[in-house]
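1. What would the 3D arrangement of this be:
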Amino acid sequence: MNDDSKEFMAWVDAIAKGIIAGCAIGYLFSLTDMMPAGKAVVLGGLAGTLASITFKNKREDRKEKALKEKDMKEKGKKK
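-> Numbers count the residues shown, from 1 in each chain. Alright, predicted model coming up:
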């Protein structure tokens, strides 16, 4: 599996988890009778998707930052 397909599968995985978690939370919210179940599930799925994208981007940024810091330390030791 090449890097592009691994990255794509990471996105699919993150979005799928966000949709499932968001829909579940939306359905639980609908049990309060404040919103119809269908609307709560859809809004929960949307919120879960957006949250999962945000978390994935932050995780990738942290990994990139850690790699840059590691490279800087290695360059410093070589001098």
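2. And the helix or strand containing K63, how far out from the chain middle?
-> Element membership of K63 [criterion: DSSP states H and E] is helix 37-78. In terms of Cα atoms, centre = their mean, to the nearest Å, the centre of helix 37-78 is found 7 Å from the chain centre.
3. do the same with stretch 69-79
-> With Cα atoms, centre = their mean, you get 31 Å for stretch 69-79.
4. Any buried residues in it, and which?
-> Within stretch 69-79, no residue is scored as buried using 16 or more other Cβ atoms under 10 Å. All C-beta atoms are positioned from the backbone trio N, CA, C, and that covers glycine.
5. residues making contact with it?
-> Residues from elsewhere that reach stretch 69-79 (Cβ atoms under 8 Å, 6 or more residues apart in numbering): none.
6. Show me what stretch 4-11 is in contact with.
-> By Cβ under 8 Å, 6+ apart, the list of residues contacting stretch 4-11 reads 1, 56.
7. how much distance is there from that stretch to the middle of the chain?
-> Here stretch 4-11 is found 13 Å from its chain centre; the criterion is Cα atoms, centre = their mean.
8. Thanks again, I'm all set now.
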